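# quick one, what's the 3D model for this:
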Amino acid sequence: MSSPKIISVRPVLLSAPYSDARTDLEVILHLPAGWRTTGLVEITLDNGIVGLGEGYLAVFAPHVFEEIVELVAPVLLGRDPQDLARLYRDISLVTGYWSLQGAAQHVVSAVEIALQDCRAQLLSVPVWRLLGAEANRPLKLYASGGDAVGPGPMLGELDRIKALGIDVVKIRARNHQADKTRWCQRHAAERGIAVAVDMTQNLAVPSQSVSDILRYLEEVRRDGGPMPVFLEEALGPQEIENYVTLRARVPGTRIAGGEIVTTSVELCHRIEQGCYDVAQPDATVIGGIGPTLEVFSTARRHGVEVYVHCWGGPVGMMANYHAALAGGGTVTEWPIKPYVLRDALLVQPWQIAGGQITLPDTPGLGVRLTPEIEREYAFREEAVYRCLVDPAQIPPADWR
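Just a heads-up that it's a prediction; the model follows:
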């Protein structure tokens, strides 16, 4: 019996309504059209199997994502999807000289994820089992959001989190927003929910300093307030070496990061250097599911937890959850903001109960793309994430 062959590789851009343009600060500042784009790679085999992968790049630069997919597609055509190591090597060689640590890695990620989806379907097993997990155990969720424009919408978000049985929420707060942090801690605690903080400094140049963070934490803890469950992306790219100092200065919380790192080598090095208590790889960024598992392996050796980053679309979320299950993870991120694509591409609905998610036993990742979905969620040019914003657009909020 002949081996299956790849006969088609194509980029797919989908746009759909995202969150609430009236109450979500992220949408107001970065997605004013109220729509968000997800970029997929679709790989079709000569036996009819179709695999899907996702690259986070398309949220920000959808046409760049498309062009890089078109560039690497000829390297894959006519080849056996089961020969993953050679295929991965070759697409990395095509893109590595000019983008080993950049945009092309997101496309490499999408291709690798799609190949894993194909491989698992060929064996009629879920990806998590293909990658060595013996049992389908639930993963504990923490909710990710916390960017509401004011107290009213934030209360609604906390109520949705409580209804899911989730007991940790990650909010967004910078070092001048101790008042917002304390408000969220107080109202979350009333619902049995603890608060973690994403300080969003991963691309900030210059970023806040260790001293800024210490002052922020002192203000948060004023009058006996608790320390955040963890601090995420507290320092910028020029401050990586100071993560070790930060961890030593704030023993009452855990330090997390790594979501934008585009190679497993770099993130594993950060773990080995003692930067994090919690590493946060994203399979749609770091090169796919295999490199994510390399991070799990290194983290295990150094006593570091891994919470996969899941801020993309449904294919990327599934890829990360399968990686977490196969890698021995126990906690993972659940984006609380509404995004209809998150449900539209699933073979089976999300299985969330008691604050935990259980993955499907269906072959592959458990996602599918139909012509109807492509028509309904056709790409929109205005659905592009704006990274440069005017601080004057930030509406005032009273968090007292």
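
# list the residues that contact residue 369.
Neighbour list for residue 369: 12, 40, 42, 50, 52, 345 [criterion: Cβ atoms under 8 Å, 6 or more residues apart in numbering]. No exception for glycine: its C-beta is placed from N, CA and C like everyone else's.

# I'd like to know how far it sits from residue 58.
Residue 369 sits 14 Å away from residue 58, going by Cβ to Cβ, to the nearest Å.

# end-to-end on stretch 330-347?
Distance between the two ends of stretch 330-347: 24 Å, counting by Cα to Cα, to the nearest Å.

# and it, how far from the chain's centre?
In terms of Cα atoms, centre = their mean, to the nearest Å, the centre of stretch 330-347 is found 10 Å from the chain centre.

# now stretch 372-386
Put simply, stretch 372-386 sits 20 Å off its chain's centre (Cα atoms, centre = their mean).

# model confidence over it, on average?
Summarised as a single mean, pLDDT over stretch 372-386 is 97.

# how about stretch 234-251?
96.

# mind listing what's buried along that stretch?
234-236, 239-240, 242-243, 246-247, 250 (16 or more other Cβ atoms under 10 Å).

# got the CA coordinates for that stretch in CSV?
Extracted as CSV, the C-alpha positions of stretch 234-251 are listed here (Å, rounded to 0.1, in the frame of the first residue of the first chain):
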residue,chain,number,x,y,z
ALA,A,234,6.2,41.7,33.7
LEU,A,235,9.4,42.8,31.8
GLY,A,236,10.1,43.7,28.2
PRO,A,237,12.5,42.1,25.7
GLN,A,238,15.5,44.2,26.8
GLU,A,239,15.0,43.2,30.4
ILE,A,240,15.0,39.4,30.1
GLU,A,241,18.1,39.0,32.3
ASN,A,242,16.3,40.8,35.1
TYR,A,243,13.7,38.1,35.4
VAL,A,244,16.0,36.2,37.8
THR,A,245,16.2,39.3,40.0
LEU,A,246,12.5,39.8,39.9
ARG,A,247,11.8,36.2,41.0
ALA,A,248,14.1,36.6,43.9
ARG,A,249,12.5,39.9,45.0
VAL,A,250,8.9,38.7,44.9
PRO,A,251,8.7,35.3,46.5
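
# contacts for it?
Against stretch 234-251 from outside (Cβ under 8 Å, 6+ apart): 199, 201-210, 213-214, 217, 227, 231, 255, 257, 270, 273-277.

# got the domain ranges for the chain?
6-126, 129-362 (automatic domain parsing).

# among those domains, which is nearest residue 383?
domain 6-126 (3.7 Å; Cβ to Cβ).

# sorry, back to before: narrow the contacts of residue 369 to those in strands?
Cross-referencing the contacts of residue 369 against strands under DSSP state E gives 12, 40, 42, 50, 52.

# got a markdown table for those, with neighbour count and pLDDT too?
Converted to a markdown table, those look like this (neighbours: other Cβ atoms under 10 Å; pLDDT from 0 to 100):
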| residue | neighbour count | pLDDT |
| --- | --- | --- |
| 12 | 22 | 98 |
| 40 | 28 | 98 |
| 42 | 20 | 99 |
| 50 | 17 | 98 |
| 52 | 25 | 99 |
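
# mind jotting down where the strands sit in the stretch 301-400 of the chain?
305-306, 331-335, 351-353, 356-358 (DSSP state E, counting those that start in this stretch).

# could you say which of these is packed most deeply?
Across the strands of the stretch 301-400 of the chain, averaging neighbours per residue (mean count of other Cβ atoms under 10 Å) puts strand 305-306 on top, at a mean of 24.

# residues contacting that strand, please?
254, 277-281, 295-296, 299, 324, 327, 329-331.

# buried among those residues? Need that as a selection in PyMOL.
Applied in PyMOL, the following selects the buried portion of those according to 16+ other Cβ under 10 Å:
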select buried, resi 254+277+278+279+280+281+295+296+299+324+327+329+331
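
# would you confirm that residue 114 contacts residue 42?
Yes - taking Cβ atoms under 8 Å as the definition, residue 114 is a contact partner of residue 42 at 6.9 Å.

# now do the shared contacts for those two.
51-52.

# state the number of residues packed around residue 182.
By the criterion of other Cβ atoms under 10 Å, residue 182 has 21 neighbours.

# ugh, typo on my part, it should be residue 197
32.

# how about the one 4 residues further on?
For residue 201, the tally of surrounding residues (other Cβ under 10 Å) stands at 24.

# residue contacts, the closest residue to it other than its chain neighbours?
When the adjacent residues along the chain are set aside, residue 201 lies closest to residue 207, with 4.3 Å between them (Cβ to Cβ, 6 or more residues apart in numbering). Residues near residue 207 by Cβ under 8 Å, 6+ apart: 201, 235-239.
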